[in-house]
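# Next comes the sequence, and after it the predicted model I'd like to discuss.
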Amino acid sequence: MKTISEAQFIEKLNRLKSLLFQFEKINSEEKIKLLQNLILYHAYKINTFRQFHQVLMCMMAYPDNKTILRLAEQTTSLLLQKASKQPSLQDKLSSSGLLYTSVECNFTYDKVKYLVKQFPQQVSIHSASSSVETQKAILKLILPYVEYSKIHEGEKDIKVRIREFASSKQQTDLEWLLQTIQQSPLDIKTQAFIYNQLGIFIQWKIVNEIDSVSFLRGPSLPAYFHTKPPDKKINLQDIIQQKLPAPVKLNLKEKQQLIHAAKLSLAYLYRETEPFTNANEQDITLFQLDKGISIALFGSTTDKRYSLESYIGYMVFKNNIPASYGGGWIFGERSQFGINILESFRGGESGLIICELLRVYHQYFGATRFVVKPYQFGLHNPEAIKTGAFWFYYKLGFRPEDATLRELALKEEKQKLIDPTYKSEASTLKEYTKSNLALTLTETAYPDYDSEVLSQRITYHINTHFNGDRQKALTVCFKQLKETLDIDVKTWKPEDVDYAKQIAILLHIQPHSKEWQKKHKKEIRLFIQLKSASTELPWIKHLQKFNAFWKYMTS
């Protein structure tokens, strides 16, 4: 059996890394030879395996041509086959999302239900962080209490305790637990609460290649082949003004595949975001953009939407491979914004990706002011300090909201122009995290309406006008709103009535609120009823045009 030494492998792998973004014919020919040699290596250690896999992922996302793409895919499959024969390597690669490796993590009730449905008899309980007393108390809620003997018996591990109740060999212990919770008389919110209180850590081994991180794909769009290196000089204004194409027409199966790719991508990172976990099949939008980049937008189901803003998640695909995820929290024309570039794709087209995202949120949702919270560029985030993430945003046009920090950044910017080798001290980068970063695309953008401020004003209103009696506040405010808007709770959709109750206090916080509500009755009714539309876009657009609302909130 042909093989190469570890030294040869590392030398060839480093050479291949240096060629990843070189696309001349001579480079393509060398890439082919390097791949053919690299796969001959057999004595993989965890670091060499990970590095080789990341290089292959990058080659599949940035192929020179069909031959390179096909060879990178074939080499990836061969690499995974080698891992299948090395159990010790599989153990070390757990939490990677690679084929034949395990996922062991604590996820929310909704996420776990999805995994169990998608992978029957494959997902089970690994352990639980809850106390024995908590476990007993929850079993009392979901089981007939006449079974109290086994419920209270001994100080047992949760897996052992469930085994005494579960009789079917066709179910895993986790499937039994979920089924028992769902069959209980508890409402869905309480079901989710008690499951999450158990602190269940699941275990699941990835056995399907197409579900592994290597071959997990989103949309089936044509491949883009690169002929020149990625452009590092990105001009945000040029990109953001390019007319956005119409969304790609998606059938239900394609939408479900996008949701599947998003949920599993984050599962392999041991993370969740609400728009992915609570994804609404009716609120999935896909844009096919330049250079093999596509962006999928995810809205939540109506029962999981935010009351004072719209949290729209996204996943960026590069040649149909998940490359980045995050979201925008939209309120009026303001959008709080967060981005995470997946490890295999850092340093490639990060600047282009964020510009395309801003283009989508600006043109599709009408956002004109983007705000980045300090964590993204360093607060409690050492990696962001190390990489100088603040300057990544600064180069795109983001500026500190704090005037003093804007002056400091301007001085440092001038210093960088004088001395190209100049780098900010870590202490200075930490100083910048005392303020949000903001990008304003137009001088006519709404002022900085932060929904968190309104939430705090609601709390203040309850405490000062209703002596902290929240039930009284809800009753009084909804009664007024119901009368002024002529809400008929018998004919209105239950979710619209529930939302009206949620925002009744907000619409009561100013003096003469009743007169204001009567004057803008039509707009307020729309504000309430559009929240339960199939997508959140109509609600976002309506609120942006509802000028009287913004004047009322700031008067």
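Now that the structure is in, tell me what you want to look at.

# Flag the shaky bits of this structure, pLDDT-wise.
By pLDDT under 70, the weakly predicted segments of the chain are 1, 446-448.

# any idea how far Pro275 is from the residue nearest to Arg217 when sequence neighbours are not counted?
Among residues not flanking Arg217 along the chain, Asn320 sits closest, at 4.7 Å (Cβ to Cβ, 6 or more residues apart in numbering). Just so you know, the C-beta spots here come from the backbone N, C-alpha and C atoms, and that holds for glycine as well. Separation of Asn320 from Pro275 (Cβ to Cβ, to the nearest Å): 20 Å.

# which of the two has more neighbours?
Pro275 (29 against 20; other Cβ atoms under 10 Å).

# three-state assignment of that one?
What DSSP: H, G, I helix; E, B strand; the rest coil gives for Pro275 is helix.

# when you give positions from now on, start the count at 24
That works, and once the first residue is 24, the last one we named lands at Pro298.

# Which residue comes closest to it once chain neighbours are left out?
Residue nearest to Pro298 in three dimensions, not counting chain neighbours: Gly336, with 2.9 Å by Cβ to Cβ, 6+ apart.

# The one you found looks like it's in a strand, true?
Yes. Counting by three-state DSSP, Gly336 is part of a strand.

# Would you agree it is in contact with Thr300?
No. Judged on Cβ atoms under 8 Å, Gly336 makes no contact with Thr300 at a distance of 9.4 Å.

# so where's the longest helix in this structure?
Longest helix in the chain, counting residues (DSSP state H): helix 89-107.

# now what about that helix, what contacts it?
51, 54-55, 58, 61-62, 65, 67, 72, 75-76, 79-80, 82-83, 86, 112-113, 116, 121-124, 232, 235, 237-238, 246, 248 (Cβ atoms under 8 Å, 6 or more residues apart in numbering).

# Filter the residues you listed down to the ones in helices?
Checked against DSSP H, the contacts of helix 89-107 include these in helices: 51, 54-55, 58, 61, 72, 75-76, 79-80, 82-83, 112-113.

# ok, so of those residues, who is nearest Tyr417?
The nearest member of those to Tyr417, counting by Cβ to Cβ, is Met80 at 29.1 Å.

# For the nearest residue to that closest one once chain neighbours are set aside, list the residues it contacts.
Nearest residue to Met80 in three dimensions, chain neighbours excluded: Ser367, at 4.1 Å (Cβ to Cβ, 6+ apart). Counting by Cβ under 8 Å, 6+ apart, Ser367 makes contact with Gln77, Met80, Cys81, Ala84, Ala346.

# and what of Leu121?
Residues near Leu121 by Cβ under 8 Å, 6+ apart: His76, Leu103, Ala106, Ile229, Ser235, Val236, Ser237.

# hmm, try it at 6 Å
If you count contacts by Cβ atoms under 6 Å, 6 or more residues apart in numbering, Leu121 has them with Ser235.

# roughly how far apart are it and Tyr291?
Leu121 sits 9 Å away from Tyr291, going by Cβ to Cβ.

# repeat for Leu116
From Leu116 across to Tyr291, the span is 11 Å (Cβ to Cβ).

# Over to Gln386?
Separation of Gln386 from Tyr291 (Cβ to Cβ) stands at 31 Å.

# the more surrounded of these two?
Counting neighbours by other Cβ under 10 Å for Gln386 and for Tyr291 shows that Tyr291 has the greater number, 21 against 15.

# How about the more buried one, nearest residue that isn't a chain neighbour?
With Cβ to Cβ, 6+ apart as the criterion, Tyr291 has its nearest non-adjacent residue at 2.9 Å, and that residue is Gly120.

# same deal with Leu267?
With sequence-adjacent residues excluded and distances taken as Cβ to Cβ, 6+ apart, Leu267 is closest to Gln386, at 4.2 Å.

# quick one: Ile165 and Gln205 touch, right?
No. Contact criterion Cβ atoms under 6 Å: Ile165 and Gln205 do not qualify, at 9.2 Å.

# how does this protein divide into domains?
As assigned by automatic domain parsing, the chain contains the domains 29-115, 125-228, 259-396+459-463, 474-577.

# Now tabulate those domains in CSV and tack on distance to Arg422.
Compiled in CSV, the domains of the chain are given as follows (distance: least, Cβ to Cβ, whole Å):
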stretch, distance to Arg422
domain 29-115, 30
domain 125-228, 36
domain 259-396+459-463, 6
domain 474-577, 20
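
# deepest of those, which one?
domain 259-396+459-463 (a mean of 20; mean count of other Cβ atoms under 10 Å).

# His484: what's it in contact with?
Contacts for His484 were tallied using Cβ under 6 Å, 6+ apart; they are Ile532.

# Please tell me how far whichever strand or helix holds Ile408 is from the chain's geometric centre.
Element membership for Ile408, per DSSP states H and E: helix 405-410. From the chain centre to the centre of helix 405-410 is a distance of 21 Å (Cα atoms, centre = their mean, to the nearest Å).

# which element follows that helix toward the C-terminus?
Using DSSP H and E, the helix or strand that follows helix 405-410 towards the C-terminus is helix 412-419.

# List the contacts of the following helix or strand past that next one.
Using DSSP H and E, the helix or strand that follows helix 412-419 in sequence is strand 422-423. Contacts with strand 422-423, where a contact means Cβ under 6 Å, 6+ apart, come from Arg429, Ser458.

# what lines up beside strand 422-423 in the sheet?
Sheet pairing here is set by DSSP bridges, and for strand 422-423 it gives strand 460-463 (antiparallel).

# what are the C-alpha coordinates of the strand it pairs with, in PDB please?
Provided in PDB are the C-alpha atoms of strand 460-463 (Å, rounded to 0.1, in the frame of the first residue of the first chain):
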ATOM      1  CA  LEU A 460     -20.500  50.200  16.600                       C
ATOM      2  CA  ALA A 461     -22.900  51.700  14.100                       C
ATOM      3  CA  LEU A 462     -23.100  52.100  10.300                       C
ATOM      4  CA  THR A 463     -25.600  54.600   9.000                       C
END
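
# Strands of the stretch 124-273 of the chain, start to end?
With DSSP state E, counting those that start in this stretch, the ranges of strands along the stretch 124-273 of the chain come out as 125-128, 146-151, 223-228.

# Thanks again, I'm all set now.
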